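Participant: build me a structure from this.
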Amino acid sequence: MKNLIIKTGILFFLISLCIPFRLYAQSKIGYVDTKKIIDAMQESRDAKTRLDNLVAEWQTQLTTLQDSLKLMKEDFEKKKLILTDQLKQQRTQDIQTLETNINNFKVQKFGENGEYFQKQAEFMKPVQDRIFLAIQTVATNEDYDYVIDRSGSISLLFVNERNDLTAKVLKVIEGK
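Facilitator: Presented below is the predicted three-dimensional model:
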């Protein structure tokens, strides 16, 4: 609750800094719920499906690699008493190489700057662009000075529903 009050206070402070005092009473502020808009868009659901399919493919590849590693380790444990020192060294090195490959694969696909986040941004960019353009269209057509997204971490303690532009933005996106 304390964080909510702080965030709300910061939001209103930032808005008040952006608006000259004499114009404050004349400014028109609307809000949208971008999560609601994203959930309503078929393009968004398609992008999520594409990303989920990629993740499933990568997960299958990872499972295959991990199964191979497990088999290599089990085989090595069974045979290490009869292997020559040279073969033990070779198999140990093979296991370490595969472990490194598995770790690299995880970082490459799911790491901080991994392919998952790149693909997510790539698939969602057209959706985000359409939403931004629709918000801009509605705000310009209805003479709004500011439009706030209520779906994020910023909480609005009170909103007058007549300033909710979400449905109007969805109509613009749907071409209605």
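Participant: find the nearest non-adjacent residue to the residue sitting nearest the centre point of the chain, please.
Facilitator: Centroid-nearest residue in the chain, with Cα atoms, centre = their mean: residue 120, separated by 6.2 Å. Closest residue to residue 120 apart from its sequence neighbours, by Cβ to Cβ, 6 or more residues apart in numbering: residue 51 at 5.8 Å. (C-beta placed from N, C-alpha, C; glycine too.)
Participant: helix or strand for that neighbour, which one?
Facilitator: helix 42-79 (DSSP states H and E).
Participant: same deal with residue 122?
Facilitator: Going by DSSP H and E, residue 122 is in helix 115-141.
Participant: buried set for that helix?
Facilitator: 115-116, 119-120, 123-124, 127, 130-131, 134-135, 138-139 (16 or more other Cβ atoms under 10 Å).
Participant: which helices and strands does that helix pack with?
Facilitator: Helices and strands touching helix 115-141, by 3 or more Cβ pairs under 8 Å, 6 or more residues apart in numbering; DSSP states H and E, are strand 29-32, helix 34-40, helix 42-79, helix 85-110, strand 146-149, helix 166-174.
Participant: mean neighbour count, distance to residue 160 and mean pLDDT added to those, as JSON lines?
Facilitator: Converted to JSON lines, the helices and strands packed on helix 115-141 look like this (neighbours: other Cβ atoms under 10 Å; distance: least, Cβ to Cβ, whole Å; pLDDT from 0 to 100):
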{"stretch": "strand 29-32", "mean neighbour count": "21", "distance to residue 160": "9", "mean pLDDT": "91"}
{"stretch": "helix 34-40", "mean neighbour count": "16", "distance to residue 160": "17", "mean pLDDT": "94"}
{"stretch": "helix 42-79", "mean neighbour count": "13", "distance to residue 160": "27", "mean pLDDT": "96"}
{"stretch": "helix 85-110", "mean neighbour count": "13", "distance to residue 160": "43", "mean pLDDT": "97"}
{"stretch": "strand 146-149", "mean neighbour count": "16", "distance to residue 160": "13", "mean pLDDT": "91"}
{"stretch": "helix 166-174", "mean neighbour count": "18", "distance to residue 160": "14", "mean pLDDT": "90"}
